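Engineer: Pasting the sequence and the predicted coordinates here, then a few questions.
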Amino acid sequence: MAGNEHPVSISAGDRLQAVGPRLYRLLRERIVRGELVPGTRLSEVDVAAAYQVSRQPVREAFIKLSEEALVEIRPQRGTYVSQINVSAVMAARFVREAVEADIVRLHASQKDGELVSQLRELIALQTKTVEDDDPHAFIRLDEDFHRAMASAAGHGPSWDILQPLKTQMDRVRHLSAKRFPLRKLLAQHVTVVEAIANGNVAGADRAMRAHLRQLLDDLPAVIAAVPTYFDQSEAIEDVHKGQDA
C-alpha cells in the first residue's frame, strides 16, 4: 500500500468502536486528501498488517469505499484507488453553489453578528495555516467555515446531505490547495464575511458564487498536472460547460 504518510494502527480506544467503520474512515480520509493516489493498488493483506486488524474489516471498508466510487474492486485483480470523476465534481460544485448562495443571502439579510465573529475566528486560524503552508489544515478549516454558515442558518442537516455528494470535489480541493496560492481563497472568505457583516445581500451572493466557482478556474490546470488521476472521458467538456454556466 503506497502513500505519502505511513498509516498508524487503530488504537485500543478506537477498537471500542466497530473496527470496520473506523478503518473505512481512515482510508477514506487518505484517499480524499490525496495520500493514496488514483491507481494505487490496495491489498487486503497489506492494509490489515499496516493497521493491525484482521482482513474482514478491511474487506468491509473496501466495499464501502467502492460504494462511494473511491476504490474499484476488480475481481481476480485487486482493489485500486479510483480516478476522480469530473462529472461528479461538477455536479457537486453546482449543488453547493445553489445551496450556499441562498444561505449566505439569508445571513446577510439578518446581519448575523454572532456568526460574523465565529467566521472571523476561523479566518484567523486559516491565516495561520497559510503562513505555515499547511493546505490540508486549511481545507479542514474551510470545511468548518462553510459548515458554520449552514448550521447557523438551520441547515446543518442539508450540509450533512451534501457530504457524500461532494466526495470527488473534495479530492480536487486537496489537489488544488497544494498547487495554488491559498491566500486567494482566504481573501474570498474575507469578502464573504464582510458582505454578511455589512448586510450586503447581493454582494454576499456574488462573493460566495465567485468563491465556489474558483474550482472551475483551477480544475483544468490540476487535470493537466496529474492527468492520470482523472477519468477524462468527458473531463474537459464538463469543465468548459461549467465555466460557461
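Structural biologist: Nice, I can see it. Numbering: from 1, shown residues only.
Engineer: Buried residues of stretch 132-144, list them for me.
Structural biologist: Residues of stretch 132-144 classed as buried by neighbour count (16 or more other Cβ atoms under 10 Å): 135, 137-139, 141-142. (C-beta placed from N, C-alpha, C; glycine too.)
Engineer: Same question for stretch 214-228.
Structural biologist: For stretch 214-228, burial by neighbour count (16+ other Cβ under 10 Å) applies to 214-216, 218-219, 222-223.
Engineer: Which of those fall within helices?
Structural biologist: Those of the buried residues of stretch 214-228 mapping onto helices are 214-216, 218-219, 222-223, per DSSP state H.
Engineer: Need the phi and psi values for the closest residue to Leu106 other than its chain neighbours.
Structural biologist: With Cβ to Cβ, 6 or more residues apart in numbering as the criterion, Leu106 has its nearest non-adjacent residue at 5.3 Å, and that residue is Ala153. Here is the backbone geometry of Ala153 (degrees, to the nearest 10): phi -90, psi 0.
Engineer: quick one: Ala153 and Ser109, what's the gap?
Structural biologist: 11 Å (Cβ to Cβ, to the nearest Å).
Engineer: cool, Ala101 as well?
Structural biologist: Using Cβ to Cβ, Ala101 is found at 13 Å from Ser109.
Engineer: would JSON lines of the ones in helices among the buried residues of stretch 214-228 with pLDDT and distance to Pro181 be doable?
Structural biologist: Below are those laid out as JSON lines (pLDDT from 0 to 100; distance: Cβ to Cβ, whole Å):
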{"residue": "Gln214", "pLDDT": "94", "distance to Pro181": "11"}
{"residue": "Leu215", "pLDDT": "93", "distance to Pro181": "15"}
{"residue": "Leu216", "pLDDT": "92", "distance to Pro181": "17"}
{"residue": "Asp218", "pLDDT": "94", "distance to Pro181": "11"}
{"residue": "Leu219", "pLDDT": "94", "distance to Pro181": "16"}
{"residue": "Val222", "pLDDT": "95", "distance to Pro181": "14"}
{"residue": "Ile223", "pLDDT": "94", "distance to Pro181": "19"}
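Engineer: Tell me the one of the buried residues of stretch 132-144 nearest Leu23?
Structural biologist: Distance to Leu23 across the buried residues of stretch 132-144 (Cβ to Cβ) is lowest for Ile139, with 22.2 Å.
Engineer: Just list what the host helix or strand of that closest one packs against, helices and strands only.
Structural biologist: Per DSSP states H and E, Ile139 falls inside helix 135-152. Other helices and strands packing on helix 135-152, by 3 or more Cβ pairs under 8 Å, 6 or more residues apart in numbering; DSSP states H and E, are helix 86-110, helix 113-131, helix 156-165, helix 167-179, helix 182-197.
Engineer: And the third one, what does it pack against?
Structural biologist: What that stands for is helix 156-165. Judged by 3+ Cβ pairs under 8 Å, 6+ apart, the packing partners of helix 156-165 are helix 86-110, helix 135-152.
Engineer: any chance of the ones you listed in TSV, with mean pLDDT and distance to Leu125 too?
Structural biologist: Below are the helices and strands packed on helix 156-165 laid out as TSV (pLDDT from 0 to 100; distance: least, Cβ to Cβ, whole Å):
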stretch	mean pLDDT	distance to Leu125
helix 86-110	95	20
helix 135-152	96	5
